[in-house]
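Chemist: Sequence and predicted structure are below.
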Amino acid sequence: MKTSDVVAARAMTTSYTHIGMRQAGGSPTLSAPQAVIRKGEAGASGLPPQVIEKAHRVAEDHRKSVARAVDAGVRIAMGTDSGVGIHGENLEELSSMADAGMSLEQVLAATTSVAGELITPEHSVGRLAPHYLADAVDLNGRLESAEQLPRLRTMIGQVYKDGELQFPA
């Protein structure tokens, strides 16, 4: 077990961020090492070779650490502060969460209610409910399994932010 896992367990942490990086919070940012690896494979990443090598070394450990946290019942929220990936590509995080052992239901909760609960203690976001602030995504079709997550972008019909239609514009 990694030091970060032990620290979280000893502290009775109920949520965990940047799993494997020793910080308490809520979102693992699994897509960050993958983005670095893709940039390295593309050739012109501008990243030092040591950074790309480290991404290769830590990617699987990072996924395993998230899987252990999920197995232990730690609340995981979707989100990323990754500055290495392409802006707007964070849907990849959902597939990565499923690859780390989260069920479709856990991934969707991490993307909505759990994220809302972890970022606002007064519980005013993350649900479609009276007195909550809400953004919403309307899908074309039914999301029935985690295997559909890599294609989720193609299923998006409408996106609302603060009740206003954002997509399609």
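Modeler: Received, thanks. Predicted, not measured: the structure shown is a model, and the values here were computed from it.

Chemist: hey, let's count contacts and neighbours off CA atoms from now on
Modeler: OK.

Chemist: longest helix of the protein?
Modeler: helix 49-71 (DSSP state H).

Chemist: elements contacting that helix?
Modeler: helix 31-42 (3 or more Cα pairs under 8 Å, 6 or more residues apart in numbering; DSSP states H and E).

Chemist: now the helix it packs on and helix 49-71, what's the angle there?
Modeler: 150 degrees (axes from the mean of the first three to the mean of the last three Cα atoms, to 10 degrees).

Chemist: circling back: what are the contacting residues of whatever helix or strand comes next after the longest helix of the chain?
Modeler: From helix 49-71 onward toward the C-terminus, using DSSP states H and E, the following helix or strand is helix 92-99. By Cα atoms under 8 Å, 6 or more residues apart in numbering, the surrounding residues in contact with helix 92-99 are 29-31, 63, 78-80, 104, 107, 146, 149-150.

Chemist: switch the cut-off to 7 Å
Modeler: The contact list for helix 92-99, computed with Cα atoms under 7 Å, 6 or more residues apart in numbering, reads 29-31, 104, 107, 146, 149-150.

Chemist: follow-up on the earlier one: chain center to the longest helix of the chain, what's the gap?
Modeler: Relative to its chain's centre, helix 49-71 lies at 14 Å (Cα atoms, centre = their mean, to the nearest Å).

Chemist: what about stretch 141-151, start to end distance?
Modeler: 12 Å (Cα to Cα, to the nearest Å).

Chemist: From here on, call the first residue 779.
Modeler: From this message on, residue numbering opens at 779, which makes the last subject stretch 919-929.

Chemist: That one: which residues count as buried?
Modeler: The neighbour-count check on stretch 919-929 (16 or more other Cα atoms under 10 Å) flags 924, 927 as buried.
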